[in-house]
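>>> What follows is a predicted protein model with its sequence.
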Amino acid sequence: MGPGAASGRTFGPGLPGALGGSGSPAAPPKPNLPRPGLPTTQEETKSGLVNAQTASLIAVKEPIETDDPLPPSEQIIKELIEEEEKGTPSRPAQDIKVFPPVDAKDASNGAKDGERKSEDDVATVKSSSTLSSSPRPAALPSQPPAAVKPAPMAPPKIESLKEEKPPWEVPPIDILEVSAEKSISDEELRQRAMVIEQTLSSFGAPGRVVEVNHGPVITQFGVEPDYIDGRAGKRIKVKVGKISALSDDLALSLAAPSIRIEAPVPGKGYVGIEVPNAEPSIVGLRDAMDTPEFRNLKSLLKMALGQDVSGQPIVADMTAMPHLLIAGTTGSGKSVCVNGIICAMLMTCSPDELKMIMVDPKRVELTNYNGIPHLMAPVVTELERIVGVLKWVQREMDERYRRFAMEGARNIMDFNGRIERGQIKDAEKIPYILVVVDELADLMMLAPDETERVITRLAQMARATGIHIIISTQRPSVDVVTGLIKANFPARIAFAVATGVDSRVILDMPGAEKLLGRGDMLFQAPDAPMPIRMQGVYLSDREIQKIVDHWRAQATKRGHVQPVLNLGPVSGGFSSGSTPTSSPVVQQRPLFESDDDNGNGDNADDLFNEAVELVRGMEKASISLLQRHLRIGYTRAARLIDLMEEQGVIGPHEGGSKPRVVLGPDGEPLRDFDDEEDENA
């Protein structure tokens with residue numbers, strides 16, 4: 001293709017080739033013959049000049065495509081080279097046609113050099129097109145090139161001085177052991193069902209066994225009451241209460257240690273007769289956690305409690321309870337249940353999501369958890385500090401409520417959600433706090449009023465702040481589990497108790513006295529009308545130690561330092577006899593300020609000088625005298641008398657109703673009451 005080949009663009013018809021018009025692809029020009037499109041006379045030259053200037057303005061304002069490649073200006077080529085050197089994105093590369101300003105001299109010389117310039121400029125455009133791979137728009141040669149603004153520099157990245165720590169890893173489910181399941185034959189189940197039907201018929205309460213639920217410890221036989229013949233040949237259905245009254249007779253017929261009758265079963269049309277299995281099975285924590293029911297529970301504080309009478313896992317949400325009361329006799333399984341709840345949460349919650357405060361007056365149940373990063377302080381074992389711990393939790397609750405009010409949050413979920421969405425700046429998520437008290441009876445014996453007041457306040461208000469309480473006791477009596485405490489703990493677990501009175505204290509109904517012990521329990525959910533009988537999870541010491549070692553290893557690897565809970569102005573921890581560097585001792589603040597403490601540490605009293613002037617003026621001293629004149633109580637008046645005796649202001653007590661002798665500066669009595677009595681005699 002020759003230099004004058006068409007490129008698909010047209011800038012208007014009839015323009016001279018010297019001015020960038022469309023030239024025809026003709027043969028080389030012949031001598032002495034006028035070429036088409038060139039002016040031949042002076043008038044044609046002037047008219048061609050005017051037409052060229054007009055076409056140049058048209059091409060500048062509104063470029064029109066032409067088929068011929070036209071020469072670009074040197075300014076555009078220079079600009080392209082600068083852009084390539086700077087590395088800035090270039091404009092689309094294309095055949096650039098620019099019409100330079102035309103004067104008379106250029107117009108006169110255009111006829112002579114038009115052909116040669118056209119060929120040279122075409123080669124220039126081709127060589128410049130290699131500077132860019134994309135087409136470039138036409139630019140105005142009359143205007144200076146636009147200054148390329150440098151791209152705004154990104155702010156320098158400041159490396160954080162805080163070391164990024166790896167995320168916490170929860171223990172795998174394989175760390176727990178799989179328990180062996182023991183089954184019972186169908187023939188034995190049929191035999192027991194036949195014995196139950198025969199026993200009920202013999203006592204005038206016939207019934208049919210319509211359902212059998214085999215559980216790990218007990219088997220529930222569903223008995224549907226039958227009909228009996230009444231007066232005038234009328235058939236009457238057996239009353240449910242009549243079947244419930246035959247529990248002892250059924251236990252005798254089945255040779256069972258105890259039988260519990262649930263009449264009727266909630267949501268079912270039969271009476272449940274619960275008979276213990278000959279060989280009970282152990283329900284491990286993994287048996288309840290490795291289930292779809294536990295995995296599908298969308299909650300942070302979820303618990304695996306055990307299996308019901310039909311072998312189905314029972315899981316619960318601690319945030320919905322929101323507090324839990326556990327009661328039962330010694331050896332019934334309370335501590336194992338508490339360990340199961342704690343370990344279930346340690347298997348699912350990281351230390352950033354859940355913090356724990358453990359109180360163990362017995363010193364043997366919860367002390368194994370010392371060292372895990374979930375603990376806010378070492379396990380509390382001294383009774384004198386437990387009330388202070390509960391008061392600290394109350395202050396933390398009030399502080400969280402103040403933070404919620406400042407940010408306009410309703411509860412802890414709303415507050416943490418706003419932090420995730422970025423609505424609250426420069427704040428970290430607040431973790432949940434689980435307070436575990438292993439023995440409530442010891443607290444109630446030490447400070448009953450204070451303990452009841454603090455626990456009741458926490459139970460009433462701490463739910464929205466993410467603070468939950470688990471309390472267990474082996475003495476379910478009305479002086480330990482008071483009405484105020486029980487009213488604020490709707491979720492309760494009752495293990496085997498001695499009498500039906502204790503069962504009524506826990507569940508407000510009898511039934512716990514017929515439990516078998518060793519994990520057999522009744523769980524009263526907050527939203528359930530009746531308690532559910534189940535077998536609680538069992539957790540061996542080896543499994544607990546594996547979970548604790550897993551968290552201790554991570555804490556050591558991350559350099560985690562267990563924080564020390566501060567109960568007041570005196571800082572420190574909870575373990576006595578330790579150095580301040582390892583675990584400083586925390587001293588509980590006095591509940592009542594003494595009257596004789598004036599701030600300097602001595603035993604002086606504000607009224608001491610006034611009392612001395614009073615007794616020296618009246619020349620006698622007695623407790624009742626100080627009470628009347630100083631208007632103080634007996635305790636403070638007696639203490640003032642003791643202080644004056646120590647300071648040598650009055651003499652010792654001589655017995656009887658005689659007032660004390662007031663001594664002068666020389667130590668002699670100011671008044672002798674014995675001489676006055678002799679004179680009066």
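Done, it's in. Numbering: from 1, shown residues only.

>>> contacts and neighbour counts: CA atoms only from here.
OK.

>>> what stretches of this structure score poorly on pLDDT?
1-77, 80, 83-165, 560-604, 673-681 (pLDDT under 70).

>>> tell me which residues in stretch 195-206 are buried?
Buried positions in stretch 195-206, judged by neighbour count with 16 or more other Cα atoms under 10 Å: I196, E197, Q198, T199, L200, A205, P206.

>>> What degree of burial does K658 show, as a neighbour count?
K658: 13 surrounding residues under other Cα atoms under 10 Å.

>>> Identify the residues contacting it.
Applying Cα atoms under 8 Å, 6 or more residues apart in numbering to K658 gives no contacts.

>>> Got phi/psi on it?
Dihedral angles of K658 (phi, psi; degrees, to the nearest 10) stand at phi -70, psi 140.

>>> Distance-wise, check it relative to P529.
70 Å (Cα to Cα, to the nearest Å).

>>> Now do the helices in the stretch 101-250 of the chain.
Secondary structure of the stretch 101-250 of the chain (DSSP state H, counting those that start in this stretch): helices at 104-128, 186-202, 240-244, 247-254.

>>> I meant the stretch 551-681 of the chain, not that one.
Under DSSP H, counting those that start in this stretch, the stretch 551-681 of the chain gives helices at 608-618, 623-630, 634-646, 673-680.

>>> G241: which of those is closest?
Among the helices of the stretch 551-681 of the chain, the nearest to G241 by Cα to Cα is helix 634-646 (61.7 Å).

>>> Return the set of buried residues in stretch 237-248.
Quick answer for stretch 237-248 (16+ other Cα under 10 Å): K237, V238, V240, I243, S244, L246, S247.

>>> my bad, stretch 436-449
V436, V437, D438, E439, L440, A441, D442, L443, M444.

>>> sorry, back to before: which two of the buried residues of stretch 195-206 lie the greatest distance from each other?
So for the buried residues of stretch 195-206, where distance means Cα to Cα, the most widely separated pair is I196 and A205, at 10.8 Å.

>>> Quick check: what element follows whichever strand or helix holds I326 along the chain?
Using DSSP states H and E, the element containing I326 is strand 324-327. On the C-terminal side of strand 324-327, the closest following helix or strand by DSSP H and E is helix 334-346.

>>> and the helix or strand just after that following helix, what does it pack onto?
Of the helices and strands lying after helix 334-346 in sequence (DSSP H and E), the nearest is strand 354-359. The elements that strand 354-359 packs onto, with contact taken as 3 or more Cα pairs under 8 Å, 6 or more residues apart in numbering; DSSP states H and E, are strand 432-437.

>>> Give me the contact list for the strand it packs on.
353-360, 465-472.

>>> try it again with 7 Å
For strand 432-437, contacts defined as Cα atoms under 7 Å, 6 or more residues apart in numbering pick out 353-360, 466-472.

>>> In terms of distance to I412, which of the residues you listed ranks first?
Comparing the contacts of strand 432-437 against I412 with Cα to Cα places G466 closest, at 5.9 Å.

>>> how close does the closest residue to the closest one other than its chain neighbours get to D666?
In this structure, G466 finds its nearest non-sequential neighbour in Y432, 4.8 Å apart by Cα to Cα, 6 or more residues apart in numbering. Distance of Y432 to D666, computed by Cα to Cα: 69 Å.

>>> Who has more neighbours out of the two?
Between Y432 and D666, Y432 has the larger neighbour count (other Cα under 10 Å), namely 22 against 7.

>>> Just name the most buried of the helices of the stretch 551-681 of the chain.
Ranked by mean neighbour count, these are led by helix 634-646 with a mean of 17 (mean count of other Cα atoms under 10 Å).

>>> Give me the angle between it and helix 608-618.
Here the directions of helix 634-646 and helix 608-618 differ by 70 degrees (axes from the mean of the first three to the mean of the last three Cα atoms, to 10 degrees).

>>> And helix 634-646, what does it pack against?
With contacts defined as 3 or more Cα pairs under 7 Å, 6 or more residues apart in numbering; DSSP states H and E, the packing partners of helix 634-646 are helix 623-630.

>>> again, 10 Å this time
helix 608-618, helix 623-630 (3 or more Cα pairs under 10 Å, 6 or more residues apart in numbering; DSSP states H and E).

>>> Dump the buried residues of stretch 436-449 to a markdown table, plus distance to G233.
Output for the buried residues of stretch 436-449, formatted as a markdown table (distance: Cα to Cα, whole Å):
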| residue | distance to G233 |
| --- | --- |
| V436 | 62 |
| V437 | 62 |
| D438 | 61 |
| E439 | 60 |
| L440 | 59 |
| A441 | 59 |
| D442 | 63 |
| L443 | 64 |
| M444 | 62 |
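
>>> Filter the contacts of strand 432-437 down to the buried ones.
Buried among the contacts of strand 432-437 (16+ other Cα under 10 Å): 354-360, 466-472.

>>> wait, which of the residues you listed is closest to T456?
Closest to T456, out of all of these and judged by Cα to Cα, is I469, at 10.8 Å.

>>> The closest one looks like it's in a helix, true?
No. With DSSP: H, G, I helix; E, B strand; the rest coil as the criterion, I469 is assigned strand and is not in a helix.

>>> ok, now which ones touch it?
Contacts for I469 were tallied using Cα atoms under 10 Å, 6 or more residues apart in numbering; they are 318, 321-325, 356-357, 433-437, 455, 458-459, 462-463, 489.

>>> could you redo the last one with a cut-off of 7 Å?
Contacts were defined as Cα under 7 Å, 6+ apart; by that measure I469 touches H323, L324, L434, V435, V436.

>>> As JSON lines, the residues you listed with distance to K302 would be great.
Below are those laid out as JSON lines (distance: Cα to Cα, whole Å):
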{"residue": "H323", "distance to K302": "13"}
{"residue": "L324", "distance to K302": "13"}
{"residue": "L434", "distance to K302": "12"}
{"residue": "V435", "distance to K302": "15"}
{"residue": "V436", "distance to K302": "15"}
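
>>> Most neighbours among those residues, please name it.
H323 (25 neighbours).

>>> Just read off the phi/psi values of it.
phi -130, psi 160.

>>> got it, and S472?
Dihedral angles (degrees, to the nearest 10) for S472: phi -130, psi 150.

>>> Looks like it contacts H323 (just checking).
No. With contact defined as Cα atoms under 7 Å, S472 does not count as touching H323 (11.3 Å).

>>> Name the nearest residue to L626, ignoring sequence neighbours.
According to Cα to Cα, 6+ apart, the nearest residue to L626 is A637 (5.8 Å).

>>> Not counting its neighbours along the chain, what's nearest E353?
P431 is the one closest to E353 (Cα to Cα, 6+ apart), at 4.6 Å.

>>> no, scratch that, I was asking about G517
Using Cα to Cα, 6+ apart, the nearest residue to G517 is S332, at 4.7 Å.

>>> if I pick that neighbour, what's in contact with it?
Residues in contact with S332 (Cα under 7 Å, 6+ apart) are F495, A496, G517, R518, G519.

>>> next one: phi and psi at the last one?
When you say that, I think you mean G519. Here is the backbone geometry of G519 (degrees, to the nearest 10): phi 100, psi -10.

>>> Measure how buried it is and give me the count.
25.

>>> For it, give me its contacts.
Contacts for G519 (Cα under 7 Å, 6+ apart) come out as S332, G333, Q535, G536.

>>> For those residues, name the two members farthest from one another.
Farthest apart among these - using Cα to Cα - are S332 and Q535, which lie 11.4 Å from each other.

>>> any chance you could map the strands in the stretch 201-350 of the chain?
207-214, 218-225, 227-229, 235-237, 260-262, 271-276, 302-308, 313-317, 324-327 (DSSP state E, counting those that start in this stretch).

>>> Out of those strands, flag the one nearest I506.
Among the strands of the stretch 201-350 of the chain, strand 324-327 sits nearest to I506 (Cα to Cα), with 7.1 Å.

>>> who does the closest one pair up with?
strand 467-473 (parallel), strand 491-494 (parallel) (DSSP bridges).

>>> re the thing from before, can you tell me which of the buried residues of stretch 436-449 lies nearest to A405?
Closest to A405, out of all of the buried residues of stretch 436-449 and judged by Cα to Cα, is V436, at 27.6 Å.
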